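**Q** could you work out the structure for the sequence below:
(one chain, ligands or ions: 3)
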Amino acid sequence: MTELVHTRAELAATRDGLTGTVGVVMTMGALHSGHETLLRAARERADHVLVTIFVNPLQFGPDEDFNRYPRTIDVDLEICRRAGVAVVFAPVVTELYPEGKPRVWVDPGQLGEELEGQSRPGFFHGVLTVVLKLLHVTRPDLAFFGEKDYQQLTLVRRMVGDLDVPVEIVGVPTVREPDGLALSSRNRYLSPDERAAALSLSGALRAGAAAAAVGADAGAVLAAAHAAFESGPSGARLDYLVLTDSDLEPGPTAGPARMLVAAWVGTTRLIDNMSVQLAPYS
Ligand SMILES: Nc1ncnc2c1ncn2[C@@H]1O[C@H](COP(=O)(O)OP(=O)(O)OP(=O)(O)O)[C@@H](O)[C@H]1O
Ligand SMILES: CC(C)(CO)[C@@H](O)C(=O)[O-]
Ligand code: BAL
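**A** Ligands and ions are numbered 1, 2, ... in the order given. From the prediction side, this is the model:
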């Protein structure tokens with residue numbers, strides 16, 4: 001049975017009653033198969049799975065979609081029940097921020113200002129602040145994050161390392177539609193034409209990965225990805241398309257690397273990323 005709790009006091013009491021290991025999956029709700037994969041991964045590794053559902057106002061800019069973000073709590077609960085989730089913590093905003101915005105925030109450092117942080121100023125300050133708070137109130141042994149939000153996963157790992165937070169962070173590979181589109185709650189904003197245009201993101205990444213697979217160097221990999229984006233379905237406007245090393249440090253590298261893309265499709269901003277293996281320097 002899945003227990004739904006809304007307050008920190010209820011959560012603390014329920015958490016105290018869980019014996020064995022606890023895995024947390026933090027979400028903003030509007031659950032889809034990507035989230036279900038995280039729930040399964042958590043079930044496999046932990047004795048109990050605790051899910052948080054919270055649309056965190058701190059990570060939304062003034063012109064972003066906080067108000068229209070999909071809220072589907074009944075369906076979300078059913079998904080959690082089917083997945084064997086022990087506890088769902090779904091607080092209202094004032095439960096986590098009783099005095100409005102906190103005075104003290106987590107500073108994500110330089111990487112927090114780049115890529116997503118450059119396009120969404122303050123985004124990672126808001127994400128890391130709420131993640132740290134949710135880690136404190138849920139007290140998990142393990143916390144599961146999707147690679148779909150690769151920069152977020154990287155920064156959460158850095159935060160728990162740099163600030164000595166006693167939790168293991170587990171990354172879960174991106175779940176995609178059969179045609180390559182990464183699952184995302186924001187996909188439900190897309191019209192049929194926009195849904196087609198959204199394939200430009202995964203198409204670019206796949207072209208880059210394919211070039212790397214036949215030995216292209218970093219410059220050629222990036223060029224192949226850009227060319228695929230430009231010649232892909234029309235309607236997507238590129239924000240960034242970059243190649244970094246696996247820790248998101250810039251510069252072409254040999255060995256494991258990461259290609260990341262963000263683009264606007266209509267009024268919806270989508271992100272995606274893929275690992276690419278660059279040939280060793282000869
Ligand atoms: N396709 C996916 N594959 C793997 N993990 C995912 C996928 N989509 C979301 N996640 C992970 O689920 C967790 C909760 O994400 P969130 O609730 O923001 O969903 P989302 O689909 O990323 O939403 P949005 O469209 O707003 O970005 C995050 O760790 C995120 O990386
Ligand atoms: C980690 C998170 C739940 C923090 O609000 C959010 O950024 C998300 O859903 O990826
Ligand atoms: N999926 C990351 C949370 C966000 O885009 O706000």
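
**Q** contacts, neighbours, all on C-alpha from now
**A** Noted.

**Q** measure stretch 67-78 end to end?
**A** For stretch 67-78, the first-to-last residue distance is 23 Å (Cα to Cα, to the nearest Å).

**Q** name the surrounding residues that touch it.
**A** Residues from elsewhere that reach stretch 67-78 (Cα atoms under 8 Å, 6 or more residues apart in numbering): 29-31, 55, 88, 185-186.

**Q** how about 6 Å then?
**A** Applying Cα atoms under 6 Å, 6 or more residues apart in numbering, the contact partners of stretch 67-78 are 30-31.

**Q** touching, P280 and A254? I think so.
**A** Yes: the criterion here is Cα atoms under 6 Å, and P280 meets it with A254 at 4.9 Å.

**Q** quick one, which of these two is more surrounded?
**A** A254 (15 against 11; other Cα atoms under 10 Å).

**Q** hey, where'd the strands end up in the stretch 151-282 of the chain?
**A** Using DSSP state E, counting those that start in this stretch, the strands of the stretch 151-282 of the chain run over 168-172, 236-245, 255-265, 268-278.

**Q** next, count neighbours for F229.
**A** Neighbourhood size, F229 [other Cα under 10 Å]: 24.

**Q** what is the neighbour count of the nearest residue to Y189 once chain neighbours are set aside?
**A** Leaving aside its chain neighbours, Y189 sits nearest to T268 (6.9 Å; criterion: Cα to Cα, 6 or more residues apart in numbering). By other Cα under 10 Å, 17 other residues sit near T268.

**Q** with the one 10 residues further on instead?
**A** The tally of other residues near L278 (other Cα under 10 Å) stands at 24.

**Q** try Q118
**A** Neighbourhood size, Q118 [other Cα under 10 Å]: 12.

**Q** leaving out chain neighbours, which residue sits closest to it?
**A** Per Cα to Cα, 6+ apart, closest to Q118 is G112, 7.9 Å.

**Q** near ligand 2, which residues of the stretch 1-150 of the chain?
**A** 26-28, 56, 127, 130-131 (Cα under 6 Å from any ligand atom).

**Q** so which of these is the closest to P192?
**A** M28 (24.0 Å; Cα to Cα).
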